[in-house]
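J.: Turn this into a structure:
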Amino acid sequence: MDDVWGWNFVSKNNDPTDDVGHGTHVAGTIAATTNNSLGVAGISPKSKIMIVKGLGPFGGSTSDLVQAIYYATYNGADVFNNSWGGMGISSTLADAVYYAQNAGVAVVAAAGNSNEP
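T.: So this is what the prediction gives:
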């Protein structure tokens, strides 16, 4: 698989283009370069971002998210940002998250996107 630019599990290709801008915004909050006169600074500007797309502009499947988690874990991710929304519980997805955590990955997840507990 040619994944120099990242991997898109939704479209099954190496084009992880951000359809809605949210992932790009989050990545910039994390790793934007400092001292470049653009007025933006990431909280960890020396970080490297691995682009792994598990959701598209209209959501996606649990299996795509699971594949993305295993892929990123296998390829050495240290931290996951999972800025997802949705309802329901998936033991398969939970197993993938536990796998990543047991491999030493810090898993960060969104909370409050739907004004729910």
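J.: Mind jotting down where the helices sit in this structure?
T.: Using DSSP state H, the helices of the chain run over residues 22-31, 62-74, 91-102.
J.: looking at those, which is buried most?
T.: helix 62-74 (a mean of 19; mean count of other Cβ atoms under 10 Å). The way it works is simple: take the backbone N, C-alpha and C, and place the C-beta from them, glycine included.
J.: before we move on, back to that, can you say which of the helices of the chain is nearest to residue 45?
T.: Residue 45 lies closest, by Cβ to Cβ, to one member of the helices of the chain: helix 22-31, at 5.9 Å.
J.: State the mean pLDDT of the closest one.
T.: For helix 22-31, mean pLDDT is 90.
J.: Any idea how far it is from the middle of the chain?
T.: Averaging C-alpha positions (Cα atoms, centre = their mean, to the nearest Å) puts helix 22-31 10 Å from its chain's average.
J.: what's it in contact with?
T.: 18, 40, 42-49, 51, 53, 81, 83 (Cβ atoms under 8 Å, 6 or more residues apart in numbering).
J.: Now do residue 96 against residue 11, distance only.
T.: Noted for residue 96: a distance of 20 Å to residue 11, by Cβ to Cβ, to the nearest Å.
J.: what about this structure, any weak spots by pLDDT?
T.: In the predicted model, the chain carries pLDDT under 70 at residues 1-2, 112-117.
J.: still on that earlier bit, for the helices of the chain, could you give me CSV that also reports distance to residue 111?
T.: Formatted as CSV, those follow (distance: least, Cβ to Cβ, whole Å):
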stretch, distance to residue 111
helix 22-31, 14
helix 62-74, 17
helix 91-102, 15
